[in-house]
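1. here you go, sequence then predicted model.
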Amino acid sequence: MGELEVRFLPEGGFNKNGAFIEYEGSSPSGEETEYQRQGYLTLDIACSELKVGTSLRVVCEYDEVENREFSRAIGANGTIQPARWGRYSLSFLGDKDSTDKIAITIQENAVGEAATLAGINMEGDLDVEDNHHFFLQVEMYHERFATLLEELSIPGAVLHISVRADRFQGFYAEWSPSISEGRVIKFLNRKLDVENADEIPEDFWRTTEFQRELLSNPDHPPVTISIRRPLQSIGFTPASPDTEEDRDIT
């Protein structure tokens, strides 16, 4: 982990509404990259090494219970795919290193559906190891989770996830007129990581209501889950060996 100083520029960014910079030494040089809030930061994630786990909670009781709770979860290793319209990697503000890896968890939920994209950046000590990684956690209703499991159980099925990083809190990127070039998306782990955090105005942060609107728009969802498999697996003869069918579960 390479450590850099992080500073907030109140007039930074393309729209002059605030941006973060990283620098080495005692002060910035003025040539640092400015990371600001961006739109259309879509990550295309291919998932591998899928595992399904089931959790059943057991208590000591002898009365008949109509429904005893259990939950299932899918875990996977995600890799951000290169794409013409956005080759991205992820990094923490203040860190020189970047990664294209994301830990994926999709679990069933009887209450509601939600998604969280974030990073964990913890320095270890004598009893705890370093923990530096990004993760996407998705909660899905029982019925839709069951459909996902059924689709993934078909031979040849591959899990892909499209996630809009710009919809989630704390992700910033360099503005670029060329959207096809590779860019690093920076994540602010905590406000205290910024040396002049007291100079960040409150209106720079999104309100709770606005954040909820970003994550709850059914026409433009923050996360789209797709299952891809060869057409042979559903009884069709494809036009070419590369032909695949996509099934989306948003």
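-> Nice, thanks for sending it over.
2. how about the nearest residue to Gln36, chain neighbours excluded?
-> Sequence neighbours aside, Gly13 is the residue nearest to Gln36 in space, at 3.5 Å (criterion: CB to CB, 6 or more residues apart in numbering). Just so you know, the C-beta spots here come from the backbone N, C-alpha and C atoms, and that holds for glycine as well.
3. ok, now Asp166?
-> Leu41 (4.3 Å).
4. please report how far that neighbour lies from Asp130.
-> Relative to Asp130, Leu41 is positioned 26 Å away (CB to CB, to the nearest Å).
5. pick out whichever of these two has more residues nearby.
-> Using other CB atoms under 10 Å as the criterion, Leu41 and Asp130 rank with Leu41 on top: 20 against 11.
6. ok, that one - contacts?
-> By CB atoms under 8 Å, 6 or more residues apart in numbering, the residues touching Leu41 are 86, 88, 164-166, 171, 173, 185.
7. what segments of this protein are strands?
-> Ranges of strands within the chain are 5-9, 19-23, 35-36, 42-56, 70-80, 88-92, 101-108, 114-122, 131-140, 158-164, 171-174, 183-187, 223-230, 244-249, based on DSSP state E.
8. out of those strands, the one nearest Glu213 is which?
-> Between Glu213 and the strands of the chain, the shortest gap by CB to CB is with strand 158-164, which sits at 13.3 Å.
9. now the residue nearest to Gln36: how far from Ala19?
-> Taken as CB to CB, the spacing of Gly13 relative to Ala19 amounts to 4 Å.
10. then Arg87?
-> 21 Å.
11. follow-up on the earlier one: looking at the strands of the chain, spot the one closest to Glu202.
-> Nearest of the strands of the chain to Glu202, taken as CB to CB: strand 5-9 at 12.8 Å.
12. which stretches of the protein have low pLDDT?
-> By pLDDT under 70, the weakly predicted segments of the chain are 1-2, 84-86, 124-126, 128, 177-181, 232-245, 247, 249-250.
13. so what's the residue nearest to Gln36 up against?
-> Neighbour list for Gly13: 19, 34, 36-37, 175 [criterion: CB under 8 Å, 6+ apart].
14. select from those residues the one having the most neighbours.
-> Counting neighbours by other CB under 10 Å, Ala19 comes out on top of the contacts of Gly13 with 24 neighbours.
15. could you check how far the closest residue in space to it that isn't next to it in sequence is from Arg37?
-> Excluding the flanking residues, the one nearest Ala19 by CB to CB, 6+ apart is Gly12, at 3.2 Å. Using CB to CB, one obtains 11 Å as the distance from Gly12 to Arg37.
16. with Glu174 instead?
-> Distance of Glu174 to Arg37, given as CB to CB: 12 Å.
17. joint contacts of Gly13 and Ala19?
-> Contacts common to Gly13 and Ala19, judged by CB under 8 Å, 6+ apart, are 34, 36.
18. isn't Ser176 up against Arg183?
-> Yes: Ser176 lies in contact with Arg183 (CB atoms under 8 Å); the separation is 6.2 Å.
19. and these two? Which one has more around it.
-> Neighbours per residue (other CB under 10 Å) separate Ser176 from Arg183, with Arg183 holding more: 20 against 12.
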